[in-house]
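>>> sequence first, then the predicted structure, then my questions.
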Amino acid sequence: TPSLATIVAASAPRTAKAVTETTFPVNNSLISSKSAFGNSTPMIAPRSVLEDRLSTSHAGTTTNDISMDTVTAYRREQIQSLDMIDRGDVVLKFVDHRRSKIQNYIHNISKTYPIPVLCIAEGNKGAKHRIRVHFRCEVADDHCVYDSNQVFSFKTHCAPIWLHLMFLQMESVSIETTGQVVAQCSEAYQALSSCWSSLPSAQTRNRPFLELVTSAFPAYKEQQQILKELLDARYFDSFSYNTVLHKWSCFSCSHPERVRTILRPDSPHLPVLEGQLKEKRGRWKFLKRWHTKYFTLSGSALICREEISNPTEDKIISPALDLRKIRSVKSLGKGRKSRKSLPKAFEIFTDDDISYVLKANDQNKAEEWIQCLQIAVAQAHKER
């Protein structure tokens, strides 16, 4: 037939016993192969075989040994890997297009609210699972109360807001110091994501961490929630914003002259602060009553004495409390609307798991006792 292209392939000279004639149709009809000594039988070859044959040179050397199926699978894997890279770079692209916006936001909000330096998940995942946020003094002077060894922390009900702020702070610092964006695969990002994954679904609303960090920045409503938590935890009793250094500073770093007055290395036993405090004592919790006593704070201990008319006959009713054994001092005034609030009161926690609840005559005096105790305790721990 004129429309057919005929190829005659001989496996030997003309003395060979068998010659096979194969015809490849121009159209889409079947490939037929017949022997010179027998009937023709139809044979269907796959497309890959046909293309392999067409890619064979006249000398019989194959120029393409990879089948079309292998090529297709390889291309599919490449496309999938590129898709995963694109999805993994969502954080990188999101932050990279908002560098100035993120930096301006953090610069403004950090003047009003501190941002945690660490978050730790506590307890098993469930309804009572909580995140504890940790704060440090950003100045960290010689007599700093909340340095790398001592932190201010509390359990939060607003973990999504704090985690979002920590992410924005992380990116802002990285852009300012290195000019680079913290990628999604970094350890810092994964640490925040791990805290998010440990939260119950009631807080995450089944959202991935990626959706949280690429959402709108915490606005006024969310900021009021974290402000309430900071007030309840009495954060502002121990910290204040330094407008000169643009950092959150503890009382000790904000008032170094007061620290030098409190700390007297040459006379550690001289009184730093003394006066009347009411101690809540009792064998049973519901029978505890306030008892007025006279307390003296020195650079090494807190001493309690019985309140009597003649000061020369004062008698120590309990051993001096070594400041090195005090773990923390916490204000108990959580606000007027709180049922657990004890205005003008504070609590001392020791390494022996013993707590002392004390109350001053007014709020200013209570704050003075708390600040002096914190400074004296911090210095005592450094001299350990």
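Done, it's in.
>>> and the nearest residue in space to Cys250 that is not next to it in sequence, how far from Leu165?
In space, and not counting its chain neighbours, Cys250 is closest to Cys137: 4.1 Å by CB to CB, 6 or more residues apart in numbering. C-beta coordinates here come from the backbone N, C-alpha and C atoms, glycine included. Going from Cys137 to Leu165 by CB to CB, to the nearest Å gives 18 Å.
>>> and if you look at Lys359?
35 Å.
>>> before we move on, what about Leu273?
Taking CB to CB, one finds Leu273 at 36 Å from Leu165.
>>> and these two? Which one has more around it.
Higher neighbour count among Leu273 and Leu165: Leu165, with 25 against 17, using other CB atoms under 10 Å.
>>> where does that one fall, phi/psi-wise?
Phi and psi for Leu165, reported as degrees, to the nearest 10, are phi -70, psi -40.
>>> got the contact list for the closest residue to it other than its chain neighbours?
Nearest residue to Leu165 in three dimensions, chain neighbours excluded: Ile115, at 5.1 Å (CB to CB, 6+ apart). Contacts for Ile115 (CB atoms under 8 Å, 6 or more residues apart in numbering) come out as Ile106, Ile109, Trp162, Leu165, Met166, Gln169.
>>> mind checking which helix or strand the first one is in?
Counting by DSSP states H and E, the element that carries Ile106 is helix 99-109.
>>> and the residue nearest to Gln379 when sequence neighbours are not counted, how many neighbours does it have?
Spatial nearest neighbour of Gln379, chain neighbours left out: Leu263 (5.5 Å); criterion: CB to CB, 6+ apart. Residues lying near Leu263 (other CB under 10 Å) number 17.
>>> which parts of the stretch 51-200 of the chain are strands?
Using DSSP state E, counting those that start in this stretch, the strands of the stretch 51-200 of the chain run over residues 118-122, 130-135, 152-156.
>>> and of those, who's closest to Gln190?
strand 118-122 (13.1 Å; CB to CB).
>>> quick one: Ile262 from Lys359, how far?
21 Å.
>>> quick revisit: pick out the most distant pair among the contacts of Ile115.
Among the contacts of Ile115, Ile106 and Trp162 lie farthest apart (CB to CB), at 13.7 Å.
>>> which one of the two has more residues nearby?
Trp162 (24 against 21).
>>> now the element after the helix or strand hosting Arg305, going C-ward?
Here Arg305, judged by DSSP H and E, is contained in strand 301-306. Downstream of strand 301-306, the first helix or strand assigned by DSSP H and E is strand 321-322.
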